[in-house]
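Colleague: The sequence and its predicted three-dimensional model are supplied below.
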Amino acid sequence: MRSVDEHQRVVAGLIRARPATTATLADAQGLVLADDVVAGLALPVFDNSAMDGYAVRAEDIAAATPGHPVVLPVAEDIPAGRTDELALLPGTAHRIMTGAPLPAGATAVVPVEDTDGGMDTVAIRAPREPGKHIRRAGEDVAPGTTVLRRGQVVTPAMLGLAAALGMAGLPVLPRQRVLVISTGSELVVPGLPLRPGQIYESNSVMLAGAVREAGAEVLAVETAEDDVAQFAAILDRHAAAADLVITSGGVSAGAYEVVKDAFGREGDQGVEFVKVAMQPGMPQGIGRVAGTTIVTLPGNPVSALVSFEVFIRPALRRAMGLPDPERPQRPAILTESLTSPRGKRQFRRAILDAGDRTVISYGPPASHHLRWLASANALLDIPEDVVEVAAGTELQVWDLA
Ligand code: AMP
Ligand code: MG
């Protein structure tokens, strides 16, 4: 049997980074910058008003008081977006809105609250220092400034900055594109009626969600019956456009193992099927098909998701350059006693109390117990050689929260 560590290495070796590209801003969020970003524009772009009020020459209103306001003619009205270039003559005011371009010659803005709000003339009740309520061109970003660094994960605020600088896209390490295929003739799409012997298909939505949660992109989601031709047709249709194919089911020791059967053909040596010393998730497969990496997971829902966590999630995140490819692993004190199979690394669903640093298993170890998986917040990582764990023992815990 292959160790978990060894299989992690094999999977990680086949999930490879895509070349850096320019993503539209809408697509760039959550991706890692592949390059520094240098501003090609000043921010603010031009001198503009920080307030709704009146642009003036500061010296013209130096004597203004509430009792003796300075009255000036209002020569222009400047809403945000006005594009003609204006000049303020001495002894006049321009009504101006926040974000509107400051007229040449204006040295201060008086907020509307300190005026009578007049349209033809304005009575100004207080002076303003030169420069007051003016946002200067370039005071936020001077052109040529490196505003973002390679390796940063793109956040909404970064999208805002890039857009403000007039950029339509950002240089990023692109998302891995993943094709998710469920297999099994017993599977029915949720919402349709079940016949005897059938169950609802639950792996594909779960694995697709895990792919997205890992920061990758779901290219397509498909379900195949246990029929090699049908399964092969899905691969033919989508695999070439994917960076990774994830299948579930059809890899154990029974008959009708469609995934194994599909790759067991003469001359089709691209996928190896191995037993990994873990529970759940012993039967695994990994290889290349039509130039695309394929990871074949066992079909039991708990096995499928735990296998994704252990083998695929860290590899996908690494390939996208994302920080923290691994889940945080913390020591915690087990508050019960447990047994664990000899020779297998066991990942038990668990509830971690991160404050108390205690942990308790949650639900039975068998791999069809989806209900417990759904509300667990951690995985207990019990080493291969451990068969009994006494209450009070410290264990490594994968924090899924
Ligand atoms: P297999 O690995 O194909 O032998 O499947 C193992 C178990 O997982 C069987 O009980 C299957 O019915 C179940 N199973 C496989 N695929 C799915 C799926 N996509 N959704 C729900 N259950 C599944
Ligand atoms: Mg099956």
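Modeller: Noted; the coordinates are in hand. Ligands and ions are numbered 1, 2, ... in the order given.
Colleague: buried stuff in stretch 95-107?
Modeller: Arg95, Ile96, Met97, Thr98, Ala100, Pro101, Leu102, Pro103, Ala106, Thr107 (16 or more other Cβ atoms under 10 Å). In short, each C-beta sits where N, CA and C put it, glycine included.
Colleague: Output it as CSV, restricted to C-alpha atoms.
Modeller: In CSV, the C-alpha atoms belonging to stretch 95-107 read as follows (Å, rounded to 0.1, in the frame of the first residue of the first chain):
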residue,chain,number,x,y,z
ARG,A,95,-20.6,76.4,-7.6
ILE,A,96,-18.8,73.0,-7.5
MET,A,97,-19.7,69.5,-6.5
THR,A,98,-17.6,66.8,-4.9
GLY,A,99,-15.3,65.2,-7.5
ALA,A,100,-15.8,68.0,-10.0
PRO,A,101,-12.6,69.5,-11.6
LEU,A,102,-11.3,72.5,-9.8
PRO,A,103,-11.2,75.6,-12.1
ALA,A,104,-7.8,77.1,-12.8
GLY,A,105,-7.1,79.9,-10.3
ALA,A,106,-9.3,78.5,-7.5
THR,A,107,-7.3,78.0,-4.3
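Colleague: Give me the contact list for it.
Modeller: The contact list for stretch 95-107, computed with Cβ atoms under 8 Å, 6 or more residues apart in numbering, reads 46-59, 74, 76-82, 85-90, 94, 109, 119, 122, 130-131, 134.
Colleague: of the buried residues of stretch 95-107, closest to Gln346?
Modeller: Thr98 (61.7 Å; Cβ to Cβ).
Colleague: And the closest residue to the closest one other than its chain neighbours, how close does it get to Asp5?
Modeller: The spatial neighbour of Thr98 that comes closest, neighbours along the chain excluded (Cβ to Cβ, 6 or more residues apart in numbering), is Asp52 at 5.4 Å. Look at Asp52 and Asp5: by Cβ to Cβ, to the nearest Å, they are 64 Å apart.
Colleague: Tell me which of the two has more neighbours.
Modeller: Asp52 (19 against 11; other Cβ atoms under 10 Å).
Colleague: what sits against that one?
Modeller: Contacts of Asp52 (Cβ under 8 Å, 6+ apart): Ile96, Met97, Thr98, Pro111, Val112.
Colleague: redo that, cut-off 6 Å
Modeller: Contacts for Asp52 were tallied using Cβ atoms under 6 Å, 6 or more residues apart in numbering; they are Met97, Thr98, Val112.
Colleague: from the residues you listed, which is closest to ligand 1?
Modeller: Thr98 (55.6 Å; Cβ to the nearest ligand atom).
Colleague: Do you know the pLDDT at the closest one?
Modeller: We have a pLDDT of 98 for Thr98.
Colleague: quick check, it in a strand?
Modeller: No: under DSSP: H, G, I helix; E, B strand; the rest coil, Thr98 falls outside any strand and is assigned coil.
Colleague: which residues are in contact with the helix or strand Val295 falls within?
Modeller: Applying DSSP states H and E as the criterion places Val295 in strand 292-297. Strand 292-297 has contacts (Cβ under 6 Å, 6+ apart) with 11, 14-15, 239, 242, 244-248, 251, 259, 285-287, 304, 307, 312.
Colleague: Check the offset of that strand from the chain's centre.
Modeller: 22 Å (Cα atoms, centre = their mean, to the nearest Å).
Colleague: Could you tell me the average pLDDT over that strand, please?
Modeller: 97.
Colleague: Kindly report the same for stretch 391-401.
Modeller: Averaging pLDDT along stretch 391-401 yields 97.
Colleague: separation between Pro66 and ligand 2?
Modeller: When distance is defined by Cβ to the ion, to the nearest Å, Pro66 is 84 Å away from ligand 2.
Colleague: and if you look at Arg212?
Modeller: Look at Arg212 and ligand 2: by Cβ to the ion, they are 24 Å apart.
Colleague: Excluding covalently adjacent residues, which one is nearest to that residue?
Modeller: Counting by Cβ to Cβ, 6+ apart, the residue nearest Arg212 is Val218, at 6.1 Å.
Colleague: now Met1
Modeller: Nearest non-adjacent residue to Met1 (Cβ to Cβ, 6+ apart): Ala277, at 4.2 Å.
Colleague: I'd guessed that neighbour sits against Glu6; true?
Modeller: No: using Cβ atoms under 6 Å, Ala277 is not in contact with Glu6, being 9.2 Å away.
Colleague: the more surrounded of these two?
Modeller: Ala277 (18 against 13).
Colleague: count of neighbours near the closest residue to ligand 1 within the stretch 301-401 of the chain?
Modeller: Here the stretch 301-401 of the chain gets closest to ligand 1 at one residue, Pro301, 5.5 Å apart by Cβ to the nearest ligand atom. Counted with other Cβ under 10 Å, residues neighbouring Pro301 total 20.
Colleague: what's near enough to touch it?
Modeller: Counted by Cβ under 6 Å, 6+ apart, Pro301 has contacts Ser202, Asn203, Leu370.
Colleague: If we only consider the residues you listed, which is nearest to Leu31?
Modeller: Asn203 (26.5 Å).
Colleague: how about the closest one, what does it touch?
Modeller: Shown in contact with Asn203 (Cβ under 6 Å, 6+ apart): Ser182, Ser248, Pro301, Ala304.
Colleague: phi, psi of it?
Modeller: phi -70, psi -40 (degrees, to the nearest 10).
Colleague: just so I have it, where are all the helices in the stretch 101-250 of the chain?
Modeller: 156-164, 203-213, 228-238 (DSSP state H, counting those that start in this stretch).
Colleague: Can you tell me which of the ones you listed is nearest to ligand 1?
Modeller: Checking the helices of the stretch 101-250 of the chain against ligand 1 by Cβ to the nearest ligand atom gives helix 203-213 as the closest, at 3.2 Å.
Colleague: and that closest one, which residues are buried?
Modeller: For helix 203-213, by 16+ other Cβ under 10 Å, it's Asn203, Ser204, Met206, Leu207, Ala208, Ala210, Val211.
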